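> no sequence on this one, just coordinates:
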């Protein structure tokens, strides 16, 4: 263990353990066998580290114990002493480690997921920390993992491996994890539908356009909204009277047909007010316009609701949240974590619909969601002007200060006026299908129609898509739950699953999310279900890249025979699942770089990201024998060459930067020569 164990302190939510408690800080790693693990409220030691059973009831409030299996002899003794101690170290890491869990029930959950590994290794007479040296034992492990928590188990094993320096050992390395992913039991839940890149890009682009339009007209919207509130307050005598009226049109200041004898003060048609405030264009663009009736005041509420739902969908695209989770976010949900390597990292904080205890409500996201949070905050604070004076909906002081981003239309002119629920009773986020039906101008149905290429990509990720919903010519049935799967895959996808625009859209997520979810880059308690989805997608990505390496898109800088030699094992794969398993065993490998890909097994010290000189060669060096060039990257490479050439002209001849860029230009010229030769 490289970390100082004295830095590790008790992490569960329990008022029984304070900094003054004997079991608050680890004395060493591993702790002495007589070290008190559990102490009750009276100061009595309930369990010590070396005990065969840890009784966690003081922390849990109900009977809960962990049996390490090395207590009694005979049938009850299922784990040998060495593996039982490894299991104790895993549990100790969960409670006192760098990212401790919060609940005793969570400790028990992970204890029972790891215990079968220790039992299996004990039965075969090996230590669990040497499991990867015995592939046949690892293969038998797959049958011992329950399908109901298979993905969570994979994510947890990944965390253990990622934190191997603080833990002091590892159970399953990435190769073993890939093998387990490829052999997921039949009972494991089927992956959610993946949205094809073209459709994903279109819908996220339209959502952003909608939000940008709103922020462009934000001051006009706020001024118009307040004008309408004042107009209703004048007609009804007060804003509260207008808000609680059962007849919102009775004294409408924009209804020329209502009688002025009831006190109504006519303000002219709302379409005139909208034009005066500069809102006629955005309202017509996103809602349409009845040529005979013109825009009514209810269009203002509809527009705010449209932007509200578009903002929630945009956030979901970049956080992988469920609709209930994104619907529970508040105006203060966006936080920025300062990171020495990555700078400011955006984190979304909120409530969660978690089923797994201790899955904290934090999600790493893209900086681009800031515009969504800004737009939704503006709308919810506007609508708070109606909620505060309404006795039926009046929010608590904390809600007024930090309102929910999901806001209902409670304006006096809305269709829900007079039927307002208390603010604490939250509205449900509607289905995306319902949203698109209600606001048909948000997404163009023709753009959402499935093309052959869309279906080809979708079937690669989900071979059993039902034809009645997913077929060429049908409108893609967009749904909230598709965002999580799509976002996770896009972070690691390449080739057919990603183009330059996709990479531009996902650049922040693809940089931050894998580091924070997949590589334990932070000590924050991030949402563990999203972590499981990201880790799973990370281990599947290589197989997806391998399939594209066989196509005519990729050529070897040496010869076609060299490409065939590199791909000989890939050709033997029967299907995608078989290919995944081969990738996980290390039989085949593929890593994307700027020129195409690399099929070198193991790590590469050069990478092919910052520089391609080592991949494509230079005047004095041949191209890497494991390199493959992707024809589809030609336009980007030509653009890079122009940029490099312009920089070379500004540099001093013979400088280190000058020489490096000359080699870079030569490598890109080699790339262009190769794809022209094989064109």
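Arrived safely. Computed from a predicted structure; not experimentally measured.
> give the contact list for residue 270.
228, 254, 294, 295, 296, 297, 299, 300 (Cβ atoms under 8 Å, 6 or more residues apart in numbering). The way it works is simple: take the backbone N, C-alpha and C, and place the C-beta from them, glycine included.
> least confident pick among those?
Minimum pLDDT across those is recorded for residue 294, with 63.
> Can you flag the buried ones in the contacts of residue 270?
228, 254, 294, 295, 296, 297, 299, 300 (16 or more other Cβ atoms under 10 Å).
> And those, which is closest to residue 447?
Nearest to residue 447 out of the buried ones among the contacts of residue 270 is residue 299 (Cβ to Cβ; 24.1 Å).
> If you count contacts, what does the helix or strand hosting that closest one end up packed against?
For residue 299, the enclosing helix or strand under DSSP states H and E is helix 298-319. If contacts are counted by 3 or more Cβ pairs under 8 Å, 6 or more residues apart in numbering; DSSP states H and E, helix 298-319 sits against helix 197-216, helix 218-236, helix 270-276, helix 280-287, helix 323-326, helix 370-387, helix 432-438, helix 482-492.
> From the chain's centroid, how far away is it?
Put simply, helix 298-319 sits 20 Å off its chain's centre (Cα atoms, centre = their mean, to the nearest Å).
> likewise stretch 45-62?
For stretch 45-62, the distance to the chain centre is 36 Å (Cα atoms, centre = their mean).
> Provide the contact partners of that stretch at residue level.
Stretch 45-62 is touched from outside by 12, 14, 16, 30-41, 63-72, 84, 88, 91-92, 103-105, 107-108, with contacts defined as Cβ under 8 Å, 6+ apart.
> picking that back up, specify which member of the contacts of residue 270 is nearest to residue 267.
Using Cβ to Cβ, these come closest to residue 267 at residue 254, 5.9 Å.
> can you pull the contacts of the closest one?
Residue 254 neighbours (Cβ under 8 Å, 6+ apart): 231, 266, 267, 268, 269, 270, 273, 296, 297, 413.
> Below-threshold pLDDT in the stretch 1-150 of the chain: ranges please.
Where the stretch 1-150 of the chain drops to pLDDT under 70, the residues are 1-5, 73-77, 145-149.
> ok, now the stretch 201-350 of the chain?
Along the stretch 201-350 of the chain, segments meeting pLDDT under 70 span 247-250, 257-264, 290-294, 341-342.
> circling back: could the contacts of residue 254 be laid out in JSON lines, adding distance to residue 116?
JSON lines is the format used below for the contacts of residue 254 (distance: Cβ to Cβ, whole Å):
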{"residue": "231", "distance to residue 116": "69"}
{"residue": "266", "distance to residue 116": "76"}
{"residue": "267", "distance to residue 116": "72"}
{"residue": "268", "distance to residue 116": "74"}
{"residue": "269", "distance to residue 116": "71"}
{"residue": "270", "distance to residue 116": "66"}
{"residue": "273", "distance to residue 116": "68"}
{"residue": "296", "distance to residue 116": "64"}
{"residue": "297", "distance to residue 116": "63"}
{"residue": "413", "distance to residue 116": "62"}
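> Can you get me a residue count around residue 434?
11 (other Cβ atoms under 10 Å).
> how close does it sit to residue 302?
According to Cβ to Cβ, to the nearest Å, residue 434 stands 14 Å off from residue 302.
> quick one on the thing from earlier: looking at the contacts of stretch 45-62, which are in strands?
36, 37, 38, 39, 65, 66, 67 (DSSP state E).
> Going by distance to residue 373, which of the buried ones among the contacts of residue 270 wins?
Nearest member of the buried ones among the contacts of residue 270 to residue 373, counting by Cβ to Cβ, is residue 300, at 21.7 Å.
> which residues sit in contact with the closest one?
Here residue 300 is in contact with 221, 224, 225, 228, 270, 274, 279, 283, 411, 413 (Cβ under 8 Å, 6+ apart).
> Please report how far the fifth one lies from residue 234.
Just to be clear, that refers to residue 270. 15 Å.
> that older thread, just the contacts of residue 270 now: which is nearest residue 390?
Using Cβ to Cβ, the contacts of residue 270 come closest to residue 390 at residue 228, 15.6 Å.
> residue contacts, the nearest residue to the closest one once chain neighbours are set aside?
Computed as Cβ to Cβ, 6 or more residues apart in numbering, the closest residue to residue 228 that is not its neighbour in sequence is residue 297, at 6.2 Å. With contact taken as Cβ under 8 Å, 6+ apart, residue 297 is in contact with 228, 252, 254, 270, 413.
> Select, from the residues you listed, the two members most distant in space.
Most distant of the contacts of residue 297, by Cβ to Cβ, are 228 and 252, 10.1 Å apart.
> so what sits against both of the two?
297, 413.
> so residue 337, which of the three states?
Of the three states, residue 337 takes strand under DSSP: H, G, I helix; E, B strand; the rest coil.
> From residue 374, how far off is it?
Where residue 374 is concerned, residue 337 sits at a distance of 19 Å (Cβ to Cβ).
> and if you look at residue 631?
Residue 631 is 41 Å from residue 374, by Cβ to Cβ.
> Same question for residue 228.
As judged by Cβ to Cβ, residue 228 and residue 374 stand 22 Å apart.
> just the helices in the stretch 351-500 of the chain please.
Shown for the stretch 351-500 of the chain, the helices assigned by DSSP state H, counting those that start in this stretch span residues 370-387, 397-401, 432-438, 452-461, 482-492, 500-513.
> mind checking which of these is nearest residue 112?
Of all those, helix 482-492 comes closest under Cβ to Cβ, at 25.9 Å.
> In the closest one, which residues are buried?
482, 483, 484, 485, 486, 487, 488, 489, 490, 491, 492.
> Out of these, which is nearest to residue 636?
residue 490 (18.2 Å).
> these two touch, right, the closest one and residue 200?
Yes - counting by Cβ atoms under 8 Å, residue 200 is a contact partner of residue 490 at 7.3 Å.
> could you pull out the strands for the stretch 51-200 of the chain?
Assigned by DSSP state E, counting those that start in this stretch, the stretch 51-200 of the chain shows strands spanning 53-55, 65-67.
> Can you mark which positions in the first one are buried?
Buried residues in strand 53-55, defined by neighbour count with 16+ other Cβ under 10 Å: 54, 55.
> average model confidence for stretch 625-643?
pLDDT averaged over stretch 625-643 gives 84.
> next one: that stretch to chain centre, how far?
30 Å.
> Kindly report the same for stretch 612-619.
Per Cα atoms, centre = their mean, the centroid offset for stretch 612-619 relative to its chain is 35 Å.
> before we move on, what about stretch 430-445?
23 Å.
> Check stretch 197-205 too.
17 Å.
> buried set for it?
197, 198, 199, 200, 201, 202, 203, 204.
> Tell me if I'm right that the second one and residue 454 touch.
Read it as residue 198. Yes - applying Cβ under 8 Å, one finds residue 198 in contact with residue 454, separated by 5.9 Å.
> which of the contacts of residue 297 lies closest to residue 122?
residue 413 (71.2 Å).
> quick one, phi/psi of the residue nearest to the closest one when sequence neighbours are not counted?
Once flanking residues are discounted, residue 413 sits nearest to residue 297: 4.6 Å by Cβ to Cβ, 6+ apart. Residue 297 has phi and psi values of phi -60, psi -30 when expressed as degrees, to the nearest 10.
> Return the distance of residue 297 relative to residue 218.
Distance from residue 297 to residue 218, by Cβ to Cβ: 19 Å.
> Equivalent analysis for residue 326, please.
21 Å.
> Settle it for me: which of those two has more neighbours?
residue 326 (27 against 15).
> which residues does that one contact?
312, 315, 316, 319, 350, 429.
> cool, residue 7 as well?
So residue 7 contacts residue 98 (Cβ under 8 Å, 6+ apart).
> Would you mind checking which of the contacts of residue 270 is nearest to residue 389?
Using Cβ to Cβ, the contacts of residue 270 come closest to residue 389 at residue 228, 14.7 Å.
> Quick check: that closest one vs residue 253, distance?
Distance from residue 228 to residue 253, by Cβ to Cβ: 8 Å.
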